[in-house]
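**Student:** this one's sequence-less:
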């Protein structure tokens, strides 16, 4: 187990990479609400020639709590982890809440980044009050709703069952805090300040963070690339792992 100690927290991460090309920036992966580093499939965690670091945020996966109450607080945790890992320059990729963290980090520490990858997120994330309320009081109902709205209709039930199992391993209070943090996140009036390479990815059938949010983000960040992937919902990198990995690899290829 690879860990970083930050005050009263122990943050778990996994490092991947064989035959790493030293000219390629490392890739740091941030999961979404209630998730852990395994939300990123092997095709991405083992991206060729790339040093990859996949983090479990506080209170998630193998990392100890407490969880954070805001996106900016999670962003500071990421900063402390990459400082401990001595990564002065890297690509930061985030899914859903992780995408919000990537945007917040980029606005605060753009000089640290080669680029960002934002998957299934937007400059503003609003969470329905129904999801927030049921997460605390009807956790099984909330997690079932999340799973059903995170995939396309053709996704095998077995795959959805795995995701449901992982979601239900999370403390309901942590998932609730994540959703509140997402609901309060809004950098719509600031993201146009970003001037770094940005890849925006969204599943065409995403019901949790609809493609219009990715399209808006693409319009706000000058020079950003937008990739809307057919046959995928919110968990786009799980439904179309090869395609997402290919585009992320091409995105990082620019620094070779």
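**Tutor:** All right, it came through fine. All values reported here derive from a predicted model rather than from experimental measurement.
**Student:** Residue 110 contacts residue 198, doesn't it?
**Tutor:** No: in this structure, residue 110 is not within contact of residue 198 by Cβ atoms under 8 Å, at 10.8 Å. In short, each C-beta sits where N, CA and C put it, glycine included.
**Student:** ok now do residue 182, which residues does it touch?
**Tutor:** Contact partners of residue 182, counting by Cβ atoms under 8 Å, 6 or more residues apart in numbering, are 33, 71, 96-97, 100, 125-127.
**Student:** Also residue 247?
**Tutor:** 199, 201, 227.
**Student:** Check for me that it belongs to a strand.
**Tutor:** No: checked against DSSP: H, G, I helix; E, B strand; the rest coil, residue 247 lies outside a strand; its state is helix.
**Student:** And residue 145, how close does it get to residue 130?
**Tutor:** 8 Å (Cβ to Cβ, to the nearest Å).
**Student:** And residue 147, by the same measure?
**Tutor:** 15 Å.
**Student:** Between those two, tell me which one has more neighbours.
**Tutor:** The neighbour comparison of residue 147 against residue 130 (other Cβ atoms under 10 Å) goes to residue 147, with 22 against 12.
**Student:** Can you list the buried residues in stretch 101-109?
**Tutor:** 101-106 (16 or more other Cβ atoms under 10 Å).
**Student:** which among those residues gets closest to residue 188?
**Tutor:** Checking these against residue 188 with Cβ to Cβ, the nearest one is residue 103 at 10.3 Å.
**Student:** which residue sits closest to that closest one, ignoring its sequence neighbours?
**Tutor:** Distance criterion Cβ to Cβ, 6 or more residues apart in numbering; nearest residue to residue 103, sequence neighbours excluded, is residue 187 at 5.8 Å.
**Student:** contacting residues for the one you found?
**Tutor:** 103-104, 107, 123-124.
**Student:** just curious, which of these is nearest to residue 86?
**Tutor:** residue 104 (22.0 Å).
**Student:** Surely that closest one is in contact with residue 72?
**Tutor:** Yes: between residue 104 and residue 72 a contact is recorded at 5.5 Å, counting by Cβ under 8 Å.
**Student:** ok so, going back, what's the farthest-apart pair in the contacts of residue 187?
**Tutor:** Farthest-apart pair in the contacts of residue 187 is 107 and 124; separation 13.6 Å (Cβ to Cβ).
**Student:** Nearest spatial neighbour of residue 10, chain-adjacent residues omitted?
**Tutor:** That would be residue 64: by Cβ to Cβ, 6+ apart, it lies 4.6 Å from residue 10.
**Student:** what do you get for residue 37?
**Tutor:** In space, residue 37 is closest to residue 54, 3.6 Å off (Cβ to Cβ, 6+ apart).
**Student:** Which element, helix or strand, includes the one you found?
**Tutor:** Secondary structure assignment for residue 54, by DSSP states H and E: strand 52-55.
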